[in-house]
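A.B. asks: Kindly generate the corresponding structure for this input.
(one chain, ligands or ions: 2)
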Amino acid sequence: TAEAPKRLAVEELTVRFGGISALSEVSFAVEPGTVHALIGPNGAGKSTCINVLGGAYRATEGRVTYGDDELTALPSHRTAELGVARTFQNISLALEDTVEDNLLVGRHRLMRSGVLASALRTPGARREERAHRATVRDIADLLGLGPLLDVPVHSLSYGNRKRVEMGRALAARPSLLLLDEPVAGMTHGESQEMAETIRQVRRDLGLSILLVEHDMPFVMGLAEQVTVLDFGKKIAEGTPAEVQRDPEVLRAYLGA
Ligand code: ADP
Ligand code: MG
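C.D. replies: Ligands and ions are numbered 1, 2, ... in the order given. From the prediction side, this is the model:
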């Protein structure tokens, strides 16, 4: 079972690639158990932020803490051990493998008995494997993927592939879930279904969610707090209603 969510604090985060500042002194916090949206036009620095939080990119300056732990000092496998899991903007699943096998990948970081024990099929390893499969089944049921566990991912709809991507992150039982553009490329109908799935995940699993989205209307019914980025800088922050009528935000989105 997951630990209780902690506060995520992003403090004065700067990430530079050569001459480009992908993020410039960005600060915001995700309160435990809330859905916080990070939005902004293409190239605003949203994925870069997720990549730093997940340990894939190094911060140039500033720091990120999760509870008492500093994420900016850790590689991605250590970040995962602290209960932080992410999805990718571009789906990164094993297409030939079944839904179940893809979800089991999310359990690997928790496998205690190790490769040798699994190879020898010790009673402990078998017990652990049964527990992993049970967890994966629970996650699949929560996401509406229960009937599809034995189906290879390549034969799923785009919307269901996005759910598997989310399920793989959830299989690790994170207390903080980082979602990078969960509805990119979806139809309006599929987006509405995904919004309902995210609400359900939050309700049933009690975790925090940092929702990175390009699609502003999508986050409005989902997030308690919104941080808006443009060209790597924070330009607004507040409730969905507040940021929606912020002139700077309208300018960034509409080019007005
Ligand atoms: P968003 O996710 O908001 O669309 P990104 O974080 O992907 O934006 O990109 C922000 C800026 O950082 C862009 O100018 C992008 O080209 C640049 N960038 C992102 N990742 C890298 C990288 N690994 N190397 C060089 N530039 C990068
Ligand atoms: Mg992105």
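
A.B. asks: From the chain's centroid, how far away is the longest helix anywhere in the chain?
C.D. replies: Of all segments of type helix in the chain, defined using DSSP state H, the longest is helix 123-142. Helix 123-142 has its C-alpha centroid displaced from the chain centroid by 22 Å (C-alpha atoms, centre = their mean, to the nearest Å).

A.B. asks: and what of stretch 174-182?
C.D. replies: That offset, for stretch 174-182, works out to 2 Å (C-alpha atoms, centre = their mean).

A.B. asks: cool, stretch 28-45 as well?
C.D. replies: For stretch 28-45, the distance to the chain centre is 11 Å (C-alpha atoms, centre = their mean).

A.B. asks: what about it and ligand 2, any contact?
C.D. replies: No - using C-beta under 5 Å from the ion, stretch 28-45 stays clear of ligand 2, with a minimum separation of 7.3 Å. C-beta: built from backbone N, CA, C; applies to glycine.

A.B. asks: Next, the buried residues of that stretch.
C.D. replies: 28, 30, 33-41, 44-45 (16 or more other C-beta atoms under 10 Å).

A.B. asks: neighbours of Pro247, just the number please.
C.D. replies: When neighbours are defined as other C-beta atoms under 10 Å, Pro247 has 9 of them.

A.B. asks: in the longest helix of the chain, what's buried?
C.D. replies: Ala125, Glu128, Glu129, His132, Thr135, Val136, Asp138, Ile139, Ala140, Leu142.

A.B. asks: same check, this time on stretch 177-188
C.D. replies: Applying 16+ other C-beta under 10 Å to stretch 177-188 flags Leu177, Leu178, Leu179, Asp180, Glu181, Pro182, Val183, Ala184, Met186 as buried.

A.B. asks: Which members of those residues occur in strands, if any?
C.D. replies: In strands, judged by DSSP state E, the following of those are found: Leu177, Leu178, Leu179, Asp180.

A.B. asks: what sits against the last one?
C.D. replies: Going back to what we said before, that points to Asp180. Counting by C-beta atoms under 8 Å, 6 or more residues apart in numbering, Asp180 touches Lys46, Ser47, Ile50, Arg86, Thr87, Phe88, Gln89, Val212.

A.B. asks: Excluding covalently adjacent residues, which one is nearest to Glu224?
C.D. replies: Leaving aside its chain neighbours, Glu224 sits nearest to Thr34 (4.8 Å; criterion: C-beta to C-beta, 6 or more residues apart in numbering).

A.B. asks: Just confirm that neighbour contacts Leu211, I think it does.
C.D. replies: No - when contacts are counted by C-beta atoms under 8 Å, Thr34 is not listed as touching Leu211 (10.3 Å).
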